[in-house]
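Asks: Got a sequence here, can you build the structure:
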Amino acid sequence: MDRGGVDLDRVWLGVAARVWHREPGRVERLAARLLRSPGLARALLTTPSLLLPWLLATVVVFAAGAVATAGTGQPVVALAAPALTGAAVAYSYGPGLDPAWELSRTMAVSDRMVLLARVLAVFAVNALLALAASAVSATAAGIAFGWLVPMAAVSALALAVATVAESANSGVAAALSVWTITVVGSQSATGQVAAAITRSALVLPYLAVAACCVAVAVLHTTRTTKGTR
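Replies: I've put the predicted structure just below:
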């Protein structure tokens with residue numbers, strides 16, 4: 001196909017070659033065996049927020065949060081984890097920054113499987129890093145599981161906004177804005193900075209937000225067949 005002097009077929013082949021040309025490493029081969037899908041394993045390991053630069057940045061952020069937590073006694077890691085994971089999820093799937101997004105439109109694996117596998121991988125990696133950072137402080141460790149539910153809610157919100165708006169930056173902005181409002185509002189209501197992750201009354205609202213946002217993201221992603229995108 002030639003439009004305006006641009007050979008789109010050749011451009012597409014270049015994109016495909018750039019993403020798929022490398023030989024799978026040990027981690028990718030292991031993922032392919034576990035997932036029973038080499039294509040899904042490749043898409044998972046080319047997720048931007050699971051690449052080394054992003055992981056290094058995440059480690060630095062959580063390490064700084066752990067130091068701040070130990071120094072101030074405030075659960076900085078627990079408060080930062082939902083926002084950071086929401087940003088990671090927003091960049092994990094969608095057009096623009098995701099090198100495997102276009103190719104995932106043509107994979108034999110269902111859109112739902114690609115979407116959920118990549119998001120769960122980002123969530124799991126950030127949860128493990130946050131748990132490791134929380135281990136340096138009894139204050140943070142005591143509420144280590146308290147931020148997993150809000151993390152799920154913020155991540156689902158970021159995913160929904162990023163997929164609907166087709167903009168990772170929009171997803172990040174929504175996640176950071178909503179989580180900031182939640183933390184500030186909870187602190188104003190209770191006088192405690194950690195109220196957003198310690199109040200049991202917020203668990204059900206967080207779960208409801210997470211479920212609704214995941215449903216929106218999945219329905220929007222799969223609303224049309226792959227061949228029509």
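Asks: The helix or strand containing residue 34: how far from the chain's middle?
Replies: Element membership of residue 34 [criterion: DSSP states H and E] is helix 26-35. Distance of helix 26-35 from its chain centroid, counting by Cα atoms, centre = their mean, to the nearest Å, is 20 Å.
Asks: residue contacts, residue 148?
Replies: residue 127 (Cβ atoms under 8 Å, 6 or more residues apart in numbering). Any C-beta I mention is one placed from the backbone N, CA and C, and that applies to glycine too.
Asks: what's the distance between it and residue 130?
Replies: Residue 148 sits 9 Å away from residue 130, going by Cβ to Cβ, to the nearest Å.
Asks: And for residue 210?
Replies: Where residue 130 is concerned, residue 210 sits at a distance of 17 Å (Cβ to Cβ).
Asks: When the two are compared, which one has more neighbours?
Replies: residue 130 (27 against 21; other Cβ atoms under 10 Å).
Asks: Can you tell me the closest non-neighbouring residue to that one?
Replies: residue 81 (4.1 Å; Cβ to Cβ, 6 or more residues apart in numbering).
Asks: pretty sure that neighbour contacts residue 147?
Replies: Yes: if you go by Cβ atoms under 8 Å, residue 81 and residue 147 touch, sitting 5.2 Å apart.
Asks: quick one: common contacting residues for those two?
Replies: Jointly contacting residue 81 and residue 147 under the rule Cβ under 8 Å, 6+ apart are residue 130.
Asks: Pick out whichever of these two has more residues nearby.
Replies: residue 81 (31 against 28).
Asks: got a list of what that one touches?
Replies: 62, 126-127, 130, 147, 151.
Asks: and which of those residues is nearest residue 45?
Replies: residue 126 (16.2 Å; Cβ to Cβ).
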